[in-house]
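1. just need the structure, nothing else, for what follows:
(chains A and B)
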2 protein chains.
Amino acid sequence: MSDLRIDELVRDGDTAPLVAWLRDSTVLEIVDELTRLDPEDTAVAFRLLPRDRALDVFEALEPVDQQQVLDGLRADRVRSLIEALDPDDRARLFDEMPAKVVNRLLAQLSPDERALTTVLLGYPEQSAGRLMSPEFVSLRASMTAAEAIDKIRHEGLDAETVYALPVLDDHRHLIGILGLRALVLAPPSARVGELMTTDIHQVTTDVDQEVAARLVREAGLIALPVVDSEARLVGVITVDDALRVLEDEETEDFALAGGASPLRTTYLAASALGVARVRALWLLLLIVAAALTVNVLQIFESTLDEVVTLALFIPLVTGTGGNSGAQASTAVIRAMAIGEVRLGDLPRIVWREARVGLLLGLMLSAAAAVPVSLLYGGDIGLVIMFTLILVCTWATTAGSALPLFARRAGVDPAVVSAPLITTLVDASGLVIYFVVAKLVLSL
Amino acid sequence: MSDLRIDELVRDGDTAPLVAWLRDSTVLEIVDELTRLDPEDTAVAFRLLPRDRALDVFEALEPVDQQQVLDGLRADRVRSLIEALDPDDRARLFDEMPAKVVNRLLAQLSPDERALTTVLLGYPEQSAGRLMSPEFVSLRASMTAAEAIDKIRHEGLDAETVYALPVLDDHRHLIGILGLRALVLAPPSARVGELMTTDIHQVTTDVDQEVAARLVREAGLIALPVVDSEARLVGVITVDDALRVLEDEETEDFALAGGASPLRTTYLAASALGVARVRALWLLLLIVAAALTVNVLQIFESTLDEVVTLALFIPLVTGTGGNSGAQASTAVIRAMAIGEVRLGDLPRIVWREARVGLLLGLMLSAAAAVPVSLLYGGDIGLVIMFTLILVCTWATTAGSALPLFARRAGVDPAVVSAPLITTLVDASGLVIYFVVAKLVLSL
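-> Below is the predicted model:
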């Protein structure tokens, strides 16, 4: 695969080896190569897939890539692909499409499939209701294991998973969960009610997808039941869908950690202009924030004029403040993202980070004191020492508190990420630096 | 749960409400609270758990927390907990313990369990062999569905999963995979060989855990077969274990993205000194790298002395270079982490990032030109314009190339993360700034 250049084959229209490769590769390998191609080439290669593999590959693609493929296909194939998708995957694809196209495609679906999709599309975006599969097999506590297996045989083909089976009472309320494994291992006459576990996790349809997905991962679930406002079961979220949500979320957090908006496509498939677009806004915002440092320095211009040596340490002071602030904010953002830290922990965290900053500042200033004093004199050495201690303490304190304040204000904490902290700490770090310098050097 | 302060109950020795809470909460809720406690309190609370829940909670804890709990228990309970763990979880816990303790615990295990664990411990750390479960149920192609289900009934209790069943030939080579769902849905007389899928994924024991775990996620597997060097099946990696590896890896990447080593415990459980320790080395490294900027500025000290206004823009220039470099490196590191980008893509990526940098530089300089020219004169405005264009182009190019070079050198690309790129770009950005200034201002 690595020596075969799929993109060159597609571009040269070299069909024979391409068809052979598409036949012999796994679905994952094909998806992997397709998403590395230019968008137009993706559709070209997809058309060469054997019919029976085409659906598997299509299901494994991201919605942006699915759309690209659909754009290059004839109307009847578009309809058969859309019809074959699971309702939740279909809703996810429709989210990316213009309303007009969605309505046309919905009209072409069979009444059953249309109804399922319309229900899902009725839930708010990013909610558990959108993510869940409405097709599941449910059991009754009074059933025997044999009856339960019989029900799965009849209804299990359409369901997205039958590995975790919800057990319902007469009001469709969830009273337990039974794993298919326990069911298979049990004697045929055993009752579902005795086999099921009642240590169950569930979410309501309006819960955020990320919260639901995290619960799936933390509790090691294969499927998470979703209930409506009256606690009646309406769907299940499967582990693979939960993983996809978590991966998307993490990709977004990483983009924000670098000071950019997330790309809506794979990195290689994006154009230079597309990449520049997701970064431009952040970079502009950060340069506006950096303008503050120009103002701060202007206030101290006479000090600078008097002791130009002070200018030499400007990047070192801002850099160190930025880095220690970035360490603190990244740690807090990550701890919040995986649910380790809550708003109520704010005092405890800020108090600890202040001590961490003091420790780090003491250590750095101890390391810097001798070389700086030797090269630039003891006065400057003293200035740098005090500055590093104060800047580190301040930077870790601010860096840990800001993500928590962002959460309280209803903003994604990942937005208050390293680049923003760095830029904000720059200006305040410079104030600390020059005030210390004026005091120590008696300017 | 949120109004009940578990930590206070433990500290006050208030046993009654604590016991009630431990009885009524889910395993996940208990684990969640236990890992937020101080290490000693964790052991105290654990001892109050009812016997039947204790194992579930223990299994769900991270190895560092498991160790903490074991330290507070009597020898016989330690042995029964260790004995009850799955072999792969046991190997993972042993990795964290001193060799002497491990040998003592191994000696107390039953011969069967000891043999399973010893085999796993024989594989290199971080390898698929360490992660896999050696207890699985395998099928033969010639079996009927009824016979297969019968075999699962007899052997399935010990296996970590029976949802994806490997099908083997006479040489224990993997020839297919059969899902339990397909098996249950099939007529009892159907042959396993007809039901199984041959579109299978597998890894060898020496493959990196992260690679194996990513394959599980990408291909949406419930279990991934692991084979030895002669392609014989020796174990399976289950989806929950794979997820844990991915979460650990992502936590590590996030720590590195903030310029720190990963914490080996949860954020809240760590002490100020513990947190400072994982950050100190990186911060020292970064401040040494930042010393380069002091040297660069010293070279241009006479220029600075002549036009002190140039000093005002130092943080803006280094900040903007750092931010655009961080955007590029974060994007490339993430794309590599999820397998979107390979080494061979280097020329394509660097060429695109150079164009992205140019675009961003043009945009930023257009935005900065007017205000800077008005406030500090056209000459300075021109210097800033040219500097921003060159610095952005250089920063994105370097920021995208360095993680790929790191991978080629066998270093984790996440190490060459935003803070390091930022610090490295600072010095080169200043050179660009002062050379441009000298040329434009004819100094």
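
2. every contact and neighbour count from this point should use C-alpha atoms.
-> OK.

3. A:D379 contacts A:L439, correct?
-> No. Judged on Cα atoms under 8 Å, A:D379 makes no contact with A:L439 at a distance of 10.7 Å.

4. the more surrounded of the two?
-> Neighbours were counted for A:D379 and for A:L439 using other Cα atoms under 10 Å in any protein chain shown; A:D379 has more, 14 against 10.

5. can you tell me how far that one sits from chain B?
-> A:D379 sits 17 Å away from chain B, going by Cα to the nearest Cα, to the nearest Å.

6. so which strand or helix has that residue?
-> In the assignment (DSSP states H and E), A:D379 maps to helix A:378-408.

7. ok, then the element right after that helix?
-> Next in line after helix A:378-408, if elements are assigned by DSSP H and E, sits helix A:418-441.

8. packing partners for that following helix?
-> helix A:272-299, helix A:314-337, helix A:378-408, helix B:314-337 (3 or more Cα pairs under 8 Å, 6 or more residues apart in numbering or on different chains; DSSP states H and E).

9. after the last one, next one along is what?
-> The reference is to helix B:314-337. Following helix B:314-337 in sequence order, the next helix or strand is helix B:346-376 (DSSP H and E).

10. so what does that following helix touch, helix or strand wise?
-> helix A:272-299, helix B:378-408.

11. go through it and flag the buried ones.
-> B:346, B:349-350, B:352-365, B:368-369, B:372-373 (16 or more other Cα atoms under 10 Å in any protein chain shown).

12. swap in stretch A:223-232?
-> A:223-227, A:231-232.

13. how far off centre is it?
-> 24 Å (Cα atoms, centre = their mean, to the nearest Å).

14. and it, average pLDDT?
-> For stretch A:223-232, the mean per-residue pLDDT is 92.

15. what about that stretch, start to end distance?
-> 16 Å (Cα to Cα, to the nearest Å).

16. where do the strands of the stretch 1-150 of chain A begin and end?
-> Using DSSP state E, counting those that start in this stretch, the strands of the stretch 1-150 of chain A run over A:139-140.

17. name the residues of it found near chain B, please.
-> A:26-28, A:32, A:36, A:149 (Cα under 8 Å from any Cα of the partner chain).

18. which among the residues you listed count as buried?
-> A:26-28, A:32, A:36, A:149.

19. the residues you listed: which two are farthest apart?
-> Using Cα to Cα, the two most remote members of these are A:R36 and A:I149, lying 43.0 Å apart.

20. A:L424 against A:A289, yeah?
-> Yes. Counting by Cα under 8 Å, A:A289 is a contact partner of A:L424 at 6.8 Å.

21. more crowded one of these two?
-> Legend: neighbour count by other Cα under 10 Å for A:L424 and A:A289, higher for A:L424 (23 against 17).

22. mind pulling the model confidence for that one?
-> A:L424 is given a pLDDT of 84.

23. how far away is it from B:L131?
-> A:L424 sits 43 Å away from B:L131, going by Cα to Cα.

24. okay, now the domains of chain A?
-> A:6-125, A:139-238, A:272-441 (automatic domain parsing).

25. returning to that earlier point: can you tell me which of the helices and strands packed on helix B:346-376 is packed in deepest?
-> Of all the helices and strands packed on helix B:346-376, helix B:378-408 has the most neighbours on average by mean count of other Cα atoms under 10 Å in any protein chain shown, namely a mean of 23.

26. tell me what it is packed against?
-> helix B:314-337, helix B:346-376, helix B:418-440.

27. now A:E96. Its backbone dihedrals?
-> When read as degrees, to the nearest 10, the backbone of A:E96 gives phi -90, psi -10.

28. that one is in contact with A:E62, isn't it?
-> No. Using Cα under 8 Å as the test, A:E96 is too far from A:E62 to be in contact (10.4 Å).

29. so for the two, which residue has more residues nearby?
-> A:E62 (18 against 13).

30. and that one, how far from B:E218?
-> 12 Å.

31. and if you look at A:E301?
-> 56 Å.

32. go on, A:A213?
-> Taken as Cα to Cα, the span from A:A213 to B:E218 is 16 Å.

33. neighbour count winner among those two?
-> A:A213 (24 against 17).

34. in which helix or strand does that one reside?
-> Per DSSP H and E: A:A213 is located in helix A:209-219.

35. so can I have JSON lines of the helices and strands packed on helix B:378-408 showing distance to B:W282?
-> Listed next are the helices and strands packed on helix B:378-408 as JSON lines, based on distance: least, Cα to Cα, whole Å:
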{"stretch": "helix B:314-337", "distance to B:W282": "16"}
{"stretch": "helix B:346-376", "distance to B:W282": "27"}
{"stretch": "helix B:418-440", "distance to B:W282": "9"}
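
36. which residue sits closest to A:A398, ignoring its sequence neighbours?
-> A:G325 (7.0 Å; Cα to Cα, 6 or more residues apart in numbering or on different chains).

37. my guess is the one you found contacts A:A418, does it?
-> Yes. Using Cα under 8 Å, A:G325 is in contact with A:A418, at 7.3 Å.

38. closest residue of the stretch 301-443 of chain A to chain B?
-> A:Q327 (4.6 Å; Cα to the nearest Cα).

39. now for that residue: which residues touch it?
-> Contact analysis of A:Q327 by Cα atoms under 8 Å, 6 or more residues apart in numbering or on different chains lists A:396, A:399, A:418, B:255, B:258-260, B:279.

40. pLDDT value on it, please?
-> What the model reports as pLDDT for A:Q327 is 92.

41. quickly note the distance from it to B:V10.
-> As judged by Cα to Cα, A:Q327 and B:V10 stand 31 Å apart.

42. and what of A:L28?
-> For A:L28, the distance to B:V10 - Cα to Cα - is 50 Å.

43. what do you get for A:D169?
-> From A:D169 over to B:V10 the distance is 38 Å, taken as Cα to Cα.

44. likewise for A:P347?
-> As judged by Cα to Cα, A:P347 and B:V10 stand 20 Å apart.

45. hmm, whatever helix or strand A:V184 lives in in reach of chain B?
-> Assessed by DSSP H and E, A:V184 sits inside helix A:180-185. Yes. Looking at helix A:180-185 against chain B by Cα under 8 Å from any Cα, the contacts come from A:181, A:184-185.

46. now the element after that helix, going C-ward?
-> helix A:192-195.

47. contacting residues around that following helix?
-> With contact meaning Cα under 8 Å, 6+ apart, helix A:192-195 is reached by A:139-145, A:148, A:167, A:176, A:178, A:182-183, A:186.

48. need the buried ones from those residues selected in ChimeraX.
-> With 16+ other Cα under 10 Å as the criterion, this ChimeraX line picks the buried residues out of the contacts of helix A:192-195:
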select /A:139,140,141,143,144,145,148,167,176,178,182,183,186
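
49. A:C392 against A:G321, yeah?
-> Yes. Judged on Cα under 8 Å, A:C392 makes contact with A:G321 at a distance of 5.5 Å.

50. quick one, phi/psi of A:L165?
-> phi -110, psi 120.

51. from what I see, it and A:L139 are in contact.
-> Yes. The pair A:L165 and A:L139 qualifies as a contact (Cα under 8 Å) at a distance of 6.9 Å.

52. from the contacts of A:Q327, which is closest to B:R244?
-> Nearest to B:R244 among these, with distances taken as Cα to Cα, is B:A255, at 16.6 Å.

53. find the nearest non-adjacent residue to that closest one, please.
-> B:P262 (5.2 Å).

54. which ones are touching that neighbour?
-> Counted by Cα under 8 Å, 6+ apart, B:P262 has contacts B:251-252, B:255-256, B:278.

55. just A:A242 next, same as before
-> A:A242 is in contact with A:209-210, A:212-214, A:216-217, counting by Cα under 8 Å, 6+ apart.
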